[in-house]
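J.: Build me a structure from this.
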Amino acid sequence: MKYTIGLDYGSDSCRAVIIEAETGKEIASSVKYYKRWMQGKYCDPQNNQYRQHPLDYIEALEESVKEALSKSPVGTAEKVVGMSFDTTGSTPALIDKDGQILALRPEFAENPNAMFILWKDHTAIKEAARINEVAKRWPIDYTAYEGGIYSSEWVWAKIAHVLKEDKSIVNDAYSWIEHCDWMPALITGTTKPADIIRGRCSAGHKAMWLKEWDGLPTEEFLVEVAPELKGFRERLFHETYTSDVKVGNLTPEWAEKLGLTTNVAVGVGAFDCHMGAVGAEIEPNTFVRVIGTSTCDIMVASYEDMHGKLVPGICGQVDGSVIPGMIGLEAGQSGFGDIYAWFKSVLAWPFENILKESTLVDQTTKDKLIEEALDKMIPALSKEAEKIPTTESSVLAIDWMNGRRTPDANQMVKGTITGLNLASSAPLIFKALVEATAFGSKAIVDRFLENGIKIDSVIGIGGISLKSPLVMQTLADVLGMPIKVAKSEQACAFGAAMFASVAAGIHPNIKAAQKAMGQGFAFEYKPDMKKHEVYMKLYAKYQTLGKFTETELFS
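T.: Here you go, the predicted structure:
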């Protein structure tokens, strides 16, 4: 019996799963939250700054793996032969000449600009605009395979921004690394900049890497974008690797820390949604939605089907970013579950402020009441929202509270809610927000269909897909398509475990790993086509309102 470990680094926590590599049976799992992140450290939401300390990642790795092993049968650790990582992205950090993350050096330990810049950090809007402006007049449009629009969520914009903003880090900033590449490098001892194995997924979708133009954009292009980027290209990489490739083995130090052996093969890392799609058994013509705080939408297509096609306004199309030997396509929404969480926080203000000041009950009772109210808020709103009829004359919302990722990235746009009157209740507004996220999803589906990308089935993975019938049924009704929900609660970590099995030589390729380890689907949401007809009329209004808010209000 052999096992692999899949590690999924999300926005708030790290999830480790131990999987029986021959059958896909889950042996144990563990979830560990990032301590500093949960305290709100290094973040400034008002200014769209979201940074994470590398120590959060290191501690979560040790704690999650050890706890998962402690829940496993005796002897499991000795039989673990592979480990792979997926992470959010683009989540880069600057490194020094030795490959050390700057924030791990004492002088930068509390400097947010020396830390990992989380995917949803939008401080680099000006730098992204500059990249787009230069790309459109350059002989080569380096954004062409990334949807034609570079985003402030992506690596070059972020690195240019922190280098411009903070001169204290410039002399020590030798290169940069994505979170998904750093984790394998760290535990295999390959952290020297020249030795780091770079993943095809992150490089292709976020760093404008393409083999046909010798890898990354030219030095001249990067310096034109930002003089601060001078010299970075030659200290980075030309080659990239798909996630079925082995980076190396656990070092003795990390084997001891994790309670494993040095026989553990570590695979090339990738982004969470791409590995999640593999865990959900993606195949051609399948549209996989990883639904959480944001969404990431993944498809794969053959070289023949993509020949001569460039889909505009998505997050890119990259050879081998999902399944080696196929083109991976990525899209997504900058806000999904985060929008529901925002509305919850608005409604929670009296609980967290007025009730906290109350002297009618003791502190323990107040804390318990607040916690119970917050836990029940979204389920209660959902239950009431399900009772509200779907009509053309309803509250209408635009789902751009965190900007728009696709189609056509624009982090300057804002969310809106319209059609309110004195009878507009909290459940009605919540229903409108759920519908808005579904409309944003339809805009993505339509962009693929308009460009000749066939969609035969839709698969949902992630916490919301398993826990919110209201959201999933609304999504099915708006798309007019059935949606299957993957059985595994940890599909992203499951995909990482599949890749680990290939890197360790247990399965010959990822398709074989999917066939052996796939867990199938829990249930399926079928669309109500009468509601779909109503939603198409509302969707037309959504599009009109979106154009108005983008061009007239927030341009």
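J.: Pass me the low-pLDDT residue ranges in the protein, would you?
T.: 554-555 (pLDDT under 70).
J.: Looking at it, which residue reaches furthest from the middle?
T.: residue 360 (43.8 Å; C-alpha atoms, centre = their mean).
J.: The residue nearest in space to the middle of the chain and residue 184, how far apart?
T.: Most central in the chain under C-alpha atoms, centre = their mean is residue 88, positioned 4.2 Å from the mean C-alpha point. Distance, residue 88 to residue 184, by C-beta to C-beta, to the nearest Å: 16 Å. The C-beta positions use only the backbone N, C-alpha and C, and glycine is treated the same way.
J.: got it, and residue 50?
T.: Residue 50 is 23 Å from residue 184, where distance means C-beta to C-beta.
J.: The two: who's more crowded?
T.: A direct count of neighbours by other C-beta atoms under 10 Å for residue 50 and residue 184 places residue 184 higher, at 26 against 21.
J.: Chain neighbours aside, what residue packs nearest to that one?
T.: residue 247 (4.4 Å; C-beta to C-beta, 6 or more residues apart in numbering).
J.: Secondary structure of residue 148: a strand, I assume?
T.: No - the assignment for residue 148, made by DSSP: H, G, I helix; E, B strand; the rest coil, is coil rather than a strand.
J.: Run a quick neighbour tally on it.
T.: 19.
J.: tell me which element the nearest residue to it once chain neighbours are set aside falls in.
T.: What sits nearest to residue 148 in space, not counting adjacent residues and going by C-beta to C-beta, 6+ apart, is residue 312, at 4.9 Å. For residue 312, there is no host helix or strand (DSSP states H and E).
J.: Over to residue 312: give its phi and psi.
T.: phi -80, psi 150 (degrees, to the nearest 10).
J.: Give the burial count for it, as a bare number.
T.: Neighbour count of residue 312, defined by other C-beta under 10 Å: 14.
J.: Also residue 252?
T.: So residue 252, with other C-beta under 10 Å, has 11 neighbours.
J.: gap between the closest residue in space to it that isn't next to it in sequence and residue 190?
T.: Among residues not flanking residue 252 along the chain, residue 262 sits closest, at 5.8 Å (C-beta to C-beta, 6+ apart). Going from residue 262 to residue 190 by C-beta to C-beta gives 14 Å.
J.: between the two, which one's more packed in?
T.: A direct count of neighbours by other C-beta under 10 Å for residue 262 and residue 190 places residue 190 higher, at 18 against 12.
J.: Please look at the residue nearest to residue 252 and residue 255 and confirm they touch.
T.: Yes - here residue 262 reaches residue 255: they are 4.8 Å apart, a contact under C-beta atoms under 8 Å.
J.: Can you show me the strands along the stretch 251-400 of the chain?
T.: 265-267, 270-271, 286-291, 295-301, 317-319, 327-333, 396-398 (DSSP state E, counting those that start in this stretch).
J.: which one of those strands has the most crowded surroundings?
T.: Most buried of the strands of the stretch 251-400 of the chain by mean neighbour count (mean count of other C-beta atoms under 10 Å) is strand 270-271; its value is a mean of 34.
J.: who touches the residue nearest to residue 252 in this structure?
T.: If you count contacts by C-beta atoms under 8 Å, 6 or more residues apart in numbering, residue 262 has them with 249, 250, 251, 252, 255.
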